[in-house]
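Have a look; sequence and predicted model below, questions after that.
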Amino acid sequence: MLKKGKKFLMLLLALALSAGTLAGCGKTLDRKPLEGYVPSDNAAESNGGFVVKKDSWYYFINGAEDYSADNTFGNVVKGSLMRISETDLANGDYSNTQIVVPQLIITQDYTSGVFIYGDYVYYATPNTTKNMEGQVESSYLDFKCTKLDGSETKKDYYVQLSDNSTPYRYVQENGTVYLLYADTSNKEIHSVNTSTGVNTVLVSGYSDYAFDTNVESGTVYYTMAVAKRNTYPNTSNESYNQLYKVNASATESAYEIDLSDGYTDSSKKEGDEGYEMEYVNLGTLVLDGIGSSKEYDVTPFNHDFKAGLSIKSALGYTYEIVKMTEGRVYLKITSLDQSSSPFIYALADADVKEGWNSVTSNPDLANPEGSALLPMAATTDAATETALYYVENDSQYYIYLDSNNVIHRIKVGSGAQYIAEDVALSRGQEGATLQYLKDGYLYFSKSGTNGNALWRIRYDGAQADYNRLEGTAADNDDYVATQYLKVDYNSSWYVPETLNGYLFFSNAESYASNYVYVMKDPADNNALADLNDKYQEVQDAFTDISKKFSNASNASKYYYYTGSTLTIYEADHKDEYQQEELEVLEAYATCGAAHGFNFNNLKDGETAYNVQSYYYELLGARNEADEESIANSLVTDLLLTKAED
């Protein structure tokens with residue numbers, strides 16, 4: 001019996017039609033269109049994160065909200081999708097924002113956020129439907145879309161999933177947007193055509209899979225076990241496995257697979273449910289681990305095997321996916337002939353094309369450099385999932401943190417360890433998590449006070465550049481790991497994003513409530529170090545004041561956060577301070593001097609840097625409850641208040 005994808009598609013299409021899920025966004029929730037949006041097919045910048053730019057607008061998720069919060073359409077502020085024009089962003093008019101999607105944009109998959117294609121934004125939001133007990137089942141995710149002017153929001157959903165940590169991304173293939181997601185509990189990868197509503201199972205029963213870290217890529221790599229002949233229904237697998245790839249646009253199997261010989265249940269009759277082993281796999285075979293010892297035990301899944309092929313291993317190979325980045329998949333490949341010695345290889349997806357053979361393309365571990373794959377490492381210690389990989393000038397590199405807390409940059413070469421160059425970028429980085437590479441900088445995080453701290457360093461220098469005593473790093477902070485002020489970003493949300501000279505982050509500091517803040521990203525680490533110096537001067541001022549006037553120190557902090565002394569001078573507060581305390585406060589606020597304190601240095605020309613807004617500010621708007629709570633906390637924590645009668 002032939003197994004093809006068409007049979008499954010027809011069933012799924014019928015279900016989709018009956019559910020009325022076809023035709024774009026379908027039935028919509030309508031609002032008055034926002035002004036200023038001009039339709040276009042231009043590509044979005046930084047697609048798939050929590051901040052995306054399309055034409056002259058930045059779209060951003062307005063802070064980290066809990067998925068169980070009220071998600072009534074039209075009521076949501078925190079966690080909604082907002083926009084700001086590039087003009088207002090450039091002018092620092094950060095409050096001139098509008099809500100595009102008045103629903104929560106929340107999932108527990110923080111590798112994906114919002115995606116913009118054409119005139120629509122695609123996202124996931126917690127379900128708002130109540131169960132029989134009247135409880136909102138907010139742990140379910142609804143995948144939807146909204147027009148970029150906010151006028152139309154899909155009323156129903158493309159698909160609803162019960163696991164709010166489901167890995168997903170929206171991708172565009174040949175003009176069609178697909179929702180690609182992994183059902184990890186059932187070992188399935190799905191693709192939903194947002195134009196037709198058809199939900200296609202691309203593969204069922206994968207062992208491991210990897211989406212590309214480029215979230216706009218519609219290609220998925222995965223491994224599959226190979227079922228032994230004549231073992232179904234108590235199926236056992238071959239010792240080797242296989243590597244496949246599939247695109248979100250796939251609609252049927254690339255192969256005709258006959259399972260009538262050796263993959264049927266002899267206790268059942270043909271036509272009975274479960275008579276023949278179910279096998280759903282629309283992917284293309286990339287590497288087949290079959291060894292020469294299996295020449296007379298070929299299965300229907302060994303699509304490229306032919307008698308007489310040169311097979312480099314007797315027992316075969318196993319594959320484990322390390323990571324997929326920018327169209328290259330990094331693999332741990334083990335020859336079962338010498339299973340204690342796995343190698344790490346890189347495979348460019350673009351190389352898997354017509355003429356590729358999944359059997360002969362396997363590496364010869366006795367001569368790895370003669371392989372169709374690029375040998376990366378002879379051990380699995382450094383080239384791991386947490387490493388960052390990139391290609392520059394046709395050379396392969398990776399960056400990793402070693403067990404001694406040193407960040408290394410490795411240029412892949414030949415020789416026993418495949419290392420052409422090993423550059424120690426930064427030492428003493430205990431607990432560092434490598435996040436991403438951008439514009440010549442490595443961004444990494446370490447534990448902060450309330451969340452994570454963000455750091456960066458240039459990664460493209462020579463070893464001598466990183467010498468703090470005699471190298472470039474002696475007077476150029478680009479080659480020194482430099483922290484972004486004392487910024488604490490939400491460690492349970494998206495990693496901060498840099499885009500067009502701005503840094504966006506969910507602020508986990510006190511009095512911020514995990515809303516998104518924005519700062520103008522210093523051009524280089526020298527400018528960042530200068531900014532750090534200014535910030536530290538302000539913190540030192542608080543410390544100095546507290547030694548003589550602790551109340552004035554707290555009041556100065558209040559001014560730092562709010563940029564205003566109006567509340568302090570209200571009767572309920574002012575009368576609780578000594579006159580000299582108020583004079584010290586006034587000196588701090590005006591960058592003046594009083595009682596032995598001189599704050600004239602807290603200015604850059606005519607611009608004071610004694611307020612938080614000099615460094616970063618709230619982007620968007622808080623909801624009323626948070627606005628009131630933060631205002632009250634600032635007063636309670638930092639100001640003296642007259643006791644109530």
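In hand now; what should we look at? On a predicted model such as this, the values are computed, not experimentally measured, just so you know.

Correct me if wrong: residue 360 contacts residue 306.
No: the pair residue 360 / residue 306 is not scored as a contact, 9.7 Å apart, by C-beta atoms under 8 Å. (Glycine included, C-beta is placed from N, CA and C.)

Which residue of the two possesses the greater neighbour count?
Remark: of residue 360 and residue 306, residue 360 carries more neighbours, 14 against 10, as counted by other C-beta atoms under 10 Å.

how much space between the more buried one and residue 335?
Using C-beta to C-beta, to the nearest Å, we find residue 360 at a distance of 15 Å from residue 335.

On the C-terminal side of the helix or strand where residue 504 lies, identify the next helix or strand.
Using DSSP states H and E, residue 504 maps to strand 502-506. Remark: after strand 502-506, the chain's next helix or strand is strand 516-520, criterion DSSP H and E.

now that following strand, how far from the chain's geometric center?
Strand 516-520 has its average C-alpha position 18 Å from the chain's average C-alpha position, going by C-alpha atoms, centre = their mean, to the nearest Å.

Paired strands for that strand, with orientation please.
strand 502-506 (antiparallel), strand 617-618 (antiparallel) (DSSP bridges).

Which strands and helices lie in contact with the longest strand along the chain?
Determined from DSSP state E, the single longest strand within the chain is strand 237-247. Counting contacts by 3 or more C-beta pairs under 8 Å, 6 or more residues apart in numbering; DSSP states H and E, strand 237-247 packs against strand 199-204, strand 219-227, strand 284-288, strand 317-325.

Including mean pLDDT, could the strands paired with strand 516-520 go into a markdown table?
Output for the strands paired with strand 516-520, formatted as a markdown table (pLDDT from 0 to 100):
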| stretch | mean pLDDT |
| --- | --- |
| strand 502-506 | 98 |
| strand 617-618 | 98 |
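
which one of those strands is the most hemmed in?
strand 502-506 (a mean of 23; mean count of other C-beta atoms under 10 Å).

which residues touch that one?
The contact list for strand 502-506 (C-beta atoms under 8 Å, 6 or more residues apart in numbering) reads 50-51, 60, 63-64, 89, 454, 484, 487, 489-490, 493-494, 496-498, 514-521, 616, 619.

So how do I select the buried members of those in PyMOL?
This is how PyMOL selects the buried members of these, with burial counted by 16 or more other C-beta atoms under 10 Å:
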select buried, resi 50+51+60+63+64+89+454+484+487+489+490+493+494+496+497+498+514+515+516+517+518+519+521+616+619
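
how close does the residue nearest to residue 557 when sequence neighbours are not counted get to residue 553?
Spatial nearest neighbour of residue 557, excluding adjacent residues (C-beta to C-beta, 6 or more residues apart in numbering): residue 638 at 5.4 Å. With distances taken as C-beta to C-beta, residue 638 is found 9 Å from residue 553.

Three-state assignment for the closest residue in space to residue 120 that isn't next to it in sequence, please.
Spatial nearest neighbour of residue 120, chain neighbours left out: residue 145 (4.7 Å); criterion: C-beta to C-beta, 6+ apart. Look at residue 145: counting by DSSP: H, G, I helix; E, B strand; the rest coil, its state is strand.

No more questions from me, cheers.
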